[in-house]
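*Asks:* sequence first, predicted model second:
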2 protein chains.
Amino acid sequence: MTELRPHMPVDEQLAILKRGVADLVSEDDLRQKLQRSLDTGQPLRVKLGADPTRPDLHLGHAVILRKMRQFQDLGHKVIMLIGDFTATIGDPTGKSKTRPPLTIEEARANAQSYLEQCRLILRSEPEVLEIRSNGEWLEQLGYKDIVALTAKYTVARILERDDFSKRLAAGTPISMHELLYPLTQGYDSVALEADVELGGTDQLFNNLVGRALQRDYGQEPQVVMTLPLLVGLDGTEKMSKSLDNYVGLSDEPHAIFAGLMKVPDPLLANYFTLLTDLPQERITELLAGHPVEAHRQLARAVLAWLTPDADPDAAEERFRSVAKGGVPDDLPEVTVEVSELNDEGRVSMARLIVLAGLEPSNGAARKLMQNRGLKVAGEAYTDPQGWVAQAELQSPEGLILQKGKDKFKRLKMV
Amino acid sequence: MTELRPHMPVDEQLAILKRGVADLVSEDDLRQKLQRSLDTGQPLRVKLGADPTRPDLHLGHAVILRKMRQFQDLGHKVIMLIGDFTATIGDPTGKSKTRPPLTIEEARANAQSYLEQCRLILRSEPEVLEIRSNGEWLEQLGYKDIVALTAKYTVARILERDDFSKRLAAGTPISMHELLYPLTQGYDSVALEADVELGGTDQLFNNLVGRALQRDYGQEPQVVMTLPLLVGLDGTEKMSKSLDNYVGLSDEPHAIFAGLMKVPDPLLANYFTLLTDLPQERITELLAGHPVEAHRQLARAVLAWLTPDADPDAAEERFRSVAKGGVPDDLPEVTVEVSELNDEGRVSMARLIVLAGLEPSNGAARKLMQNRGLKVAGEAYTDPQGWVAQAELQSPEGLILQKGKDKFKRLKMV
């Protein structure tokens, strides 16, 4: 059990914390803060902000969450800041698709799911985990406070942000409220008295605003630490759910194994650095060896921290069996109600795919079949208008649906 | 007595209202609004915003106030909006000298004095005068409302404002809150449901923001009407107290007369248009005649509305007597306390100038004497270190101080 207060010499802490980091502003400041926290026994306050808009986490998110976990293991306090208040505002112009306004219930449900997934990586002890909402202070701000806040930052500095300057040059409209958000995010650091803020490299500018504002509010400026955006399994784009180039944090162990076996070779070094604790010498050794073995070790190293209770051998075994076209034994089972049957005692295959949770709608299910993405009992099933009889669902085996290489569901009717 | 509701045909109203106007956005909108107000009997709501920071009004302010008065005489309702709430915020960066933050007491006192002076020109009947404070709605705005407000305007449009674009190009810092103020000012028009907003030509941009925001908030956009900035008695700069090229609204009639006699000839036409109701033919006639007569008629026309209870002949008479070096009879008298005397029974001339209210400080008083700006009983007094004995102050005449041509004070000790 790790000690839940700062205990390790500063140089050793720094060596751990700097691994894989893209920007660190500044190392000297971090060193000083670590030293003081060691002297006083006061942990650092390490902030990570999140919009509760995308509840499905994957290994791309894990890169930053693992860094947060390192801070926790070194005895520092991680602050998960949920932007639920700003999420309910969204983009009032309605132009931005990434910021649809949420109801407070939606925002809270998303936040709940987000935090549950974060707990797959983070420690939960209150000494090292604090969960906050930006509504706590933003709801209190009046016109006067916002004038005081905006007075501390110049237009030129805000417009220096890469996407703003590009849009302004291109004549693409920037709404005034978009300039307000980086300031608000910076003000969050003031309200939290953060010592360190983490983020992806795309958050560098916003987090530096927080650093500047803390100084203006008479606080010691936070250290800004960014981590690279993980490139997805396609080898080109940032890992994201919408591009389907991801490995989900809640996926089953064999599926995680399968995903990591697909990492393009040129990305292997990066994945090892960002997603494992293997020492550099061991990584160099693995990269010099056979790529399949390197992938295996990557997958096992990730499973070791992501699903510590699962048997890695079993996960690997199952991955292999699925890869060979075999059907695993312990399939997730879905019960089909008798009420789903039509007058002729049948149910459409499209409906069954939806019931199995493999696609969200009948339309998507038919598309899956047209695109030869469905197997039934190991055989391709390509009739989008197909029907299944009650008897098949009541057989001892049930009906085994397979989407892609590694997603299986067994459907049964009792 | 003018009727206090819209009553005059639209074309006649327009002819009066358009006199001297610099910008009118747009005439068609104004015509429509006037027509509807005539049809419904509902007066237009005509807004003028004022920062309660400069309590001394002069003829430069009168240009706009007279236009407001014209609206009142046509039966429309004038709304004097006092920016007392924003005045208490001021410029939080402390960089702008024109926006020092005021206490709420200072702001209220300034507003009180400002409104008293406005009443020299405006009618006071509640049917045609409404006095409001922007704190009424700005104090209610929270973070969410401000995001919604700023979302309605793009950065590019705000930066189009002349001084912003120049400063941005020159690299002169613009604080973010400065972008907020035009939006706030525009929001005032939304809150007031203004039909027309008046201002100097320097307010064109800000008032157009109000027009745009009203549209965004689902209101009929206000008409924006600007009036030229009156050039002062120096013939070059905008009339202002700090440049001492002004005629104060509360000056005595003979001083107003004297000031208007000094208007540079090339500005006469402008002063006639902006500060009198004389018809154009009469103005043309006067400008073709002797300049002294034109100045006389200008002065008498201004006194006719500015000090309707004073006898213009007496004002002119007194102006002439002062101009010839004479001392008027009914001098304002100031009592000097015995405690002002030093051990030798004397008081410095500098101190007396301050007590008389002719200069704000001893230093300024000494400068006045050095610059030969002071006369005592008609003679130049140029010794900045001079002293005055008790006996002089206790003579029946007292001590008569004269600053410039027309400012007199009689000092006495009882």
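*Replies:* The structure has been received and is ready for your questions. As the structure is a computational prediction, the values presented were derived from the model and not from experiment. Residues are numbered from 1 along each chain as shown, chains lettered A, B, ... in the order given.
*Asks:* got the residues of the stretch 151-300 of chain A near chain B?
*Replies:* A:151-156, A:158-159, A:164, A:168, A:171, A:173-180, A:183-184 (CB under 8 Å from any CB of the partner chain). Using the backbone N, CA and C atoms, a C-beta is placed for each residue, glycine as well.
*Asks:* what subset of these is buried?
*Replies:* By neighbour count, with 16 or more other CB atoms under 10 Å in any protein chain shown, these hold A:151-155, A:158-159, A:164, A:168, A:174-180, A:183-184 as buried.
*Asks:* would you map the helices across the stretch 101-250 of chain A?
*Replies:* Assigned helices in the stretch 101-250 of chain A, in chain order: A:104-118, A:135-138, A:143-150, A:155-159, A:162-170, A:176-192, A:204-216 (criterion: DSSP state H, counting those that start in this stretch).
*Asks:* so residue A:87 is in contact with residue A:105, correct?
*Replies:* No: counting by CB atoms under 8 Å, residue A:87 stays clear of residue A:105, with 11.4 Å between them.
*Asks:* the two: which is more packed in?
*Replies:* residue A:87 (25 against 9; other CB atoms under 10 Å in any protein chain shown).
*Asks:* and the helix or strand the more buried one falls within, C-alpha only, in PDB?
*Replies:* Using DSSP states H and E, residue A:87 falls within helix A:84-89. C-alpha atoms of helix A:84-89 as PDB (Å, rounded to 0.1, in the frame of the first residue of the first chain):
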ATOM      1  CA  ASP A  84     -21.200  20.500 -15.300                       C
ATOM      2  CA  PHE A  85     -22.300  24.200 -15.000                       C
ATOM      3  CA  THR A  86     -20.700  25.300 -18.200                       C
ATOM      4  CA  ALA A  87     -22.100  22.100 -19.900                       C
ATOM      5  CA  THR A  88     -25.600  23.300 -19.200                       C
ATOM      6  CA  ILE A  89     -24.800  26.500 -21.000                       C
END
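*Asks:* at contact distance from chain B, anything in it?
*Replies:* Yes: applying CB under 8 Å from any CB, one finds helix A:84-89 touching chain B at A:85, A:88-89.
*Asks:* so which other helices or strands are in contact with that helix?
*Replies:* With contacts defined as 3 or more CB pairs under 8 Å, 6 or more residues apart in numbering or on different chains; DSSP states H and E, helix A:84-89 has these neighbours: helix A:104-118, helix A:135-138, helix B:143-150.
*Asks:* which parts of that helix are buried?
*Replies:* A:84-89.
*Asks:* closest to chain B out of these?
*Replies:* residue A:89 (5.1 Å; CB to the nearest CB).
*Asks:* now do the same contact list for that closest one.
*Replies:* Contact analysis of residue A:89 by CB atoms under 8 Å, 6 or more residues apart in numbering or on different chains lists A:101, B:144, B:147-148.
*Asks:* show me the contacts for residue A:335.
*Replies:* Residue A:335 is in contact with A:411-414, counting by CB under 8 Å, 6+ apart.
*Asks:* just the buried members of these?
*Replies:* A:411-413.
*Asks:* and for the closest residue to residue A:237 other than its chain neighbours, the neighbour number?
*Replies:* Leaving aside its sequence neighbours, residue A:237 sits nearest to residue A:243 (CB to CB, 6 or more residues apart in numbering or on different chains; 5.2 Å). Neighbour count of residue A:243, defined by other CB under 10 Å: 13.
*Asks:* pull the contacting residues for residue A:243.
*Replies:* A:232, A:234, A:237.
*Asks:* most neighbours among the residues you listed, which one?
*Replies:* In those, the most neighbours by other CB under 10 Å go to residue A:232, 24 neighbours.
*Asks:* shouldn't that one be in contact with residue A:245?
*Replies:* Yes: using CB under 8 Å, residue A:232 is in contact with residue A:245, at 3.0 Å.
*Asks:* circling back: please report how far the residue nearest to residue A:237 lies from chain B.
*Replies:* 29 Å (CB to the nearest CB, to the nearest Å).
*Asks:* ok, now residue A:8?
*Replies:* Distance from residue A:8 to chain B, by CB to the nearest CB: 40 Å.
*Asks:* that residue should be in a strand, yeah?
*Replies:* No: applying DSSP: H, G, I helix; E, B strand; the rest coil, one finds residue A:8 to be coil, outside a strand.
*Asks:* how about the residue nearest to it when sequence neighbours are not counted, what does it touch?
*Replies:* Excluding the flanking residues, the one nearest residue A:8 by CB to CB, 6+ apart is residue A:74, at 5.8 Å. By CB under 8 Å, 6+ apart, residue A:74 lies in contact with A:6-8, A:13, A:16-17.
*Asks:* and stretch A:52-59, what's buried?
*Replies:* Applying a neighbour-count criterion of 16+ other CB under 10 Å, the buried positions in stretch A:52-59 are A:52-54, A:57-59.
*Asks:* likewise stretch A:291-301?
*Replies:* A:294-301.
*Asks:* next: stretch A:13-21.
*Replies:* Neighbour-count burial for stretch A:13-21, counted by 16+ other CB under 10 Å, picks out A:13-14, A:17, A:20-21.
*Asks:* quick one on the thing from earlier: which one of the buried ones among the contacts of residue A:335 is nearest to chain B?
*Replies:* Of all these, chain B sits closest to residue A:411, with 47.0 Å by CB to the nearest CB.
*Asks:* three-state assignment of that closest one?
*Replies:* Put simply, residue A:411 is strand when judged by three-state DSSP.
*Asks:* could you check the pLDDT of it?
*Replies:* pLDDT, residue A:411: 89.
*Asks:* tell me what it is bridged to.
*Replies:* Beta-bridge pairing of residue A:411 under DSSP bridges involves residue A:334, residue A:399.
*Asks:* quick check, it in contact with residue A:334.
*Replies:* Yes: taking CB under 8 Å as the definition, residue A:411 is a contact partner of residue A:334 at 5.2 Å.
*Asks:* overlap of the contact sets of those two?
*Replies:* Applying CB under 8 Å, 6+ apart, one finds that residue A:411 and residue A:334 are jointly contacted by A:355-356.
*Asks:* circling back: hey, what's in contact with both of residue A:232 and residue A:245?
*Replies:* residue A:239.
*Asks:* I'd assumed residue A:152 was in contact with residue A:216.
*Replies:* Yes: between residue A:216 and residue A:152 there is a contact under CB under 8 Å: 4.3 Å.
*Asks:* do a quick rundown of the strands in the stretch 151-300 of chain A.
*Replies:* For the stretch 151-300 of chain A, applying DSSP state E, counting those that start in this stretch gives strands covering A:196-200, A:223-227.
*Asks:* other residues contacting the first one?
*Replies:* Read it as strand A:196-200. Against strand A:196-200 from outside (CB under 8 Å, 6+ apart): A:30, A:33, A:44-49, A:64, A:67-68, A:71, A:76, A:189, A:206-207, A:210-211, A:222-229.
*Asks:* now, which of the contacts of residue A:243 sits nearest chain B?
*Replies:* For the contacts of residue A:243, the nearest to chain B is residue A:237 (29.3 Å; CB to the nearest CB).
*Asks:* so how far is residue A:365 from residue A:335?
*Replies:* Distance, residue A:335 to residue A:365, by CB to CB, to the nearest Å: 18 Å.
*Asks:* what does residue A:215 give?
*Replies:* 56 Å.
*Asks:* and if you look at residue A:9?
*Replies:* Applying CB to CB to residue A:9 and residue A:365 gives a distance of 58 Å.
*Asks:* neighbour count winner among the two?
*Replies:* Neighbours were counted for residue A:9 and for residue A:365 using other CB under 10 Å; residue A:365 has more, 25 against 11.
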